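Engineer: pasting a predicted model and its sequence here:
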Amino acid sequence: MKITHADVIVSCPGRNYVTLKIRTDEGVYGIGDGTLNGRELAVASYLKDHICPLLIGRDPQKIEDIWQYLYKGAYWRRGPVTMAAISAVDIALWDIKGKIANLPVYQLLGGASREGVMVYCHATGSDIPAALESFEHYRDQGFKAIRMQCGIPGMSTSYGLAKGNNKAYEPATKGKPEEQAWSTEKYLDFVPKLFEAVREKYGFETHLLHDVHHRLTPIEAARLGKSLEPYRLFWLEDPTPAENQADFRLIRQHTVTPLAVGEVFNSIWDCKQLIEEQLIDYIRATVTHAGGITHMRRIADFAALYQVRLGSHGPSDLSPVSMGAALHLDLWAPNLGIQEYMGYPEAALEVFPHAWSFNQGYMHPGDVPGIGVDIDEKLAAKYPYEPAYLPIARLEDGTLWNW
Ligand code: GCO
Ligand code: MG
């Protein structure tokens, strides 16, 4: 079997996605996701100009060899653009292998470790009453785990807020990046009140999560983790940027609130120290940014040695193809914690027909051979790429901060 075509499809059915379609001389094809929010065309070019020509003529069944060829063979290792491109190839090749074997990918990985994959959704509100309403809305849909984000008194906006009632949260904006003001002081004083309100009204049955989105220093993060302990969070996410992994030692010394990190990571090296020193509890790397199923499986096995569990990033800025691939990995991984499921714009669900499903707080990848997600190319062509950027954050005095 040989690869005959590798085509990149960039579309914007509600938001931008970079999809790779690999075709073979036997008619079998596979689909992969390489979306990198706000830098989509860099990945599209990396694929189109540098990877696709190298794939033609290769045996698509040699997933590992192709992975090593693209990783070691580029000389320039790692980095979000390179790794998103490798991920797209890897997911498409697993899709092809599943179709050849006539098995869903989770069966190729070793079979299901559970009935379904627990997922968490995003509740958001401009103030506490609105956030509580949003919580109730998702709880009534059956979610067992809910991420809570809320507007902060005295701040015009904050991370994780929907732009309007009943709208999904979408950080990217068309045109130039939006600038948002940030006040750590106001945030730190407010967050415990949000979680107190949720626990007081709804008790402890639902898992609660919160994303700090890199806004704090280690000692501030330690204070937040400590102040949230009475509300028993499932996790506190990205409390501080993680380039310096040793920073997390300080947070760990002060709090037993579980920590989740890694949505911006692209290889096992980014999380090596965090995992080895047990500085985190959940690793959030994804199949789309951290080298596909091949590399994520390696991260999962490494994490398992230290009782760190998978908690993959699953925002709407990764395509439904990514969600499918993640769910196969999740269903297999003995050390699954939880999977993020933010939902998708209606148009995206139409462009990507999928076998995965949601039921009462759990998801399943479906049992069709391969990944179980396709792309309707004709429909995708109706939604051309629209330049969009993630926001940036500044402190109230104008200093550029971590968004
Ligand atoms: C999350 C994330 C996202 C990111 C987004 C960036 O936890 O889901 O923080 O909302 O901001 O994926 O592209
Ligand atoms: Mg996050």
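Structural biologist: Yep, it's here. Ligands and ions are numbered 1, 2, ... in the order given.
Engineer: show the pLDDT at the closest residue to ligand 1 within the stretch 151-300 of the chain.
Structural biologist: Relative to ligand 1, the nearest point of the stretch 151-300 of the chain is Asp211 (4.8 Å; CB to the nearest ligand atom). For every residue, glycine as well, the C-beta is placed using N, CA and C. For Asp211, the model assigns a pLDDT of 98.
Engineer: now it: phi and psi?
Structural biologist: Per-residue torsions, Asp211: phi -110, psi 120 (degrees, to the nearest 10).
Engineer: near ligand 1, which residues of the protein?
Structural biologist: Within the chain, the positions lying close to ligand 1 (CB under 6 Å from any ligand atom) are 37, 171, 211, 213, 263, 313, 315, 317, 340, 390.
Engineer: part of a helix, is the second one?
Structural biologist: In this case it means Pro171. No. Under DSSP: H, G, I helix; E, B strand; the rest coil, Pro171 falls outside any helix and is assigned coil.
Engineer: name the helix or strand for the residue in the stretch 1-150 of the chain that ligand 2 sits nearest to, please.
Structural biologist: Closest contact between the stretch 1-150 of the chain and ligand 2, by CB to the ion, is at Arg147 (8.6 Å). Per DSSP states H and E, Arg147 falls inside strand 145-150.
Engineer: after that strand comes which helix or strand?
Structural biologist: Next helix or strand after strand 145-150 toward the C-terminus (DSSP H and E): strand 173-174.
Engineer: packing partners of that next one?
Structural biologist: With contacts defined as 3 or more CB pairs under 8 Å, 6 or more residues apart in numbering; DSSP states H and E, strand 173-174 has these neighbours: strand 388-389.
Engineer: what about the strand it packs on, distance to the chain center?
Structural biologist: Mean-position distance between strand 388-389 and its chain equals 18 Å (CA atoms, centre = their mean, to the nearest Å).
Engineer: can you check stretch 40-47 too?
Structural biologist: Distance, centroid of stretch 40-47 to centroid of chain: 19 Å (CA atoms, centre = their mean).
Engineer: ok, residues contacting that stretch?
Structural biologist: The contact list for stretch 40-47 (CB atoms under 8 Å, 6 or more residues apart in numbering) reads 6, 8, 10, 16-18, 20, 34-36, 81-82, 84-85, 88-89, 385.
Engineer: give me the buried positions along it.
Structural biologist: Of the residues in stretch 40-47, 40, 42-44, 46-47 count as buried by neighbour count, 16 or more other CB atoms under 10 Å.
Engineer: so where's the stretch 101-250 of the chain shaky on pLDDT?
Structural biologist: Applying pLDDT under 70 to the stretch 101-250 of the chain flags residues 165-166.
Engineer: quick check: bridge partners of the residue of the stretch 1-150 of the chain closest to ligand 2?
Structural biologist: Beta-bridge pairing for Arg147 (DSSP bridges): His122, Leu209.
Engineer: picking up where we left off before, can you select the buried ones from the contacts of stretch 40-47 in ChimeraX?
Structural biologist: To isolate the buried members of the contacts of stretch 40-47 in ChimeraX, using 16+ other CB under 10 Å:
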select :6,8,10,16,17,18,20,34,35,36,81,82,84,85,88,89
